[in-house]
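*Asks:* Build me a model:
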Amino acid sequence: MNKKTHVDSKKKDIMQAAMRLFAIKGIDGISVKEIGEAAGVTDAAIYKHFKSKDAMALEVFGQYCNSYTTLIDFYRKQSGSFISRFHQLVDEVLGMHDEDQYGLLLLSQHHELYVEASQSQNTRQPLDALVEFIEQGVQHGELPKQDAKLSGVLIIGAITRLSVSSLEGELPQQLIPFATEVKERLTALLSQGQS
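*Replies:* You can find the predicted model right below:
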């Protein structure tokens, strides 16, 4: 049993190192050797868990994609006003960033592997979940009529850009202090609707 725990922890270490490097340098900008060095494992240990660097990238991307999609769906299914639930979602996303700033950066990557994964029938994206959430607010009369997909793209773009700016030092590493202003501005965007 200890061996399985050790193997699982090594895979987790590899995935965390890969996620960080993929987020900063992109898939094509790093090698398996660099991932191994960052994770403290050999190339052989990486290939024990993953067939290729691309397979690793897809698994890492899928994990983060799924976690954000699940989070948005959770708030969409809760009771309460749209604005209250949306604000809770923004708080949680900013909190997730502050704990692990590379997850949002990874989701902002546009590598062909991620595009392929996004177009897969089996992979539901955070944008899909956010569009449904916004549409729910419109259908319940809590938001004005709008192109929910455009609004979702604008919101995700704003959030991922916050993460990029944080990494690049344009903003502090911690985004939670900006939560109130971020929520106000994103709520204003949703509240404008179509002219």
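*Asks:* CA only for contacts and neighbour counts going forward, please
*Replies:* OK.
*Asks:* Past the least confident helix or strand in the chain by mean pLDDT, which element shows up next along the chain?
*Replies:* Least confident element among the helices and strands of the chain, by mean pLDDT, DSSP states H and E: helix 112-119 (a mean of 68). The helix or strand immediately downstream of helix 112-119 is helix 126-139, counting by DSSP states H and E.
*Asks:* Can you name the element that comes right after that next one?
*Replies:* Next helix or strand after helix 126-139 toward the C-terminus (DSSP H and E): helix 148-167.
*Asks:* Specify the angle between that next one and helix 126-139 in degrees.
*Replies:* With axes from the mean of the first three to the mean of the last three CA atoms, to 10 degrees as the basis, helix 148-167 and helix 126-139 are set at 130 degrees to each other.
*Asks:* buried residues in helix 148-167?
*Replies:* For helix 148-167, the neighbour count (16 or more other CA atoms under 10 Å) marks 148-149, 151-152, 155-156, 159-160, 162-164, 166-167 as buried.
*Asks:* For the next helix or strand after that helix, name the packing helices and strands.
*Replies:* Next along the chain after helix 148-167, taking DSSP H and E as the criterion, comes helix 179-192. Helices and strands touching helix 179-192, by 3 or more CA pairs under 8 Å, 6 or more residues apart in numbering; DSSP states H and E, are helix 82-99, helix 148-167.
*Asks:* that older thread, now the buried residues of helix 148-167 as JSON lines including pLDDT?
*Replies:* What follows is the buried residues of helix 148-167, written out as JSON lines (pLDDT from 0 to 100):
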{"residue": "148", "pLDDT": "96"}
{"residue": "149", "pLDDT": "96"}
{"residue": "151", "pLDDT": "96"}
{"residue": "152", "pLDDT": "96"}
{"residue": "155", "pLDDT": "96"}
{"residue": "156", "pLDDT": "93"}
{"residue": "159", "pLDDT": "94"}
{"residue": "160", "pLDDT": "90"}
{"residue": "162", "pLDDT": "93"}
{"residue": "163", "pLDDT": "90"}
{"residue": "164", "pLDDT": "88"}
{"residue": "166", "pLDDT": "91"}
{"residue": "167", "pLDDT": "86"}
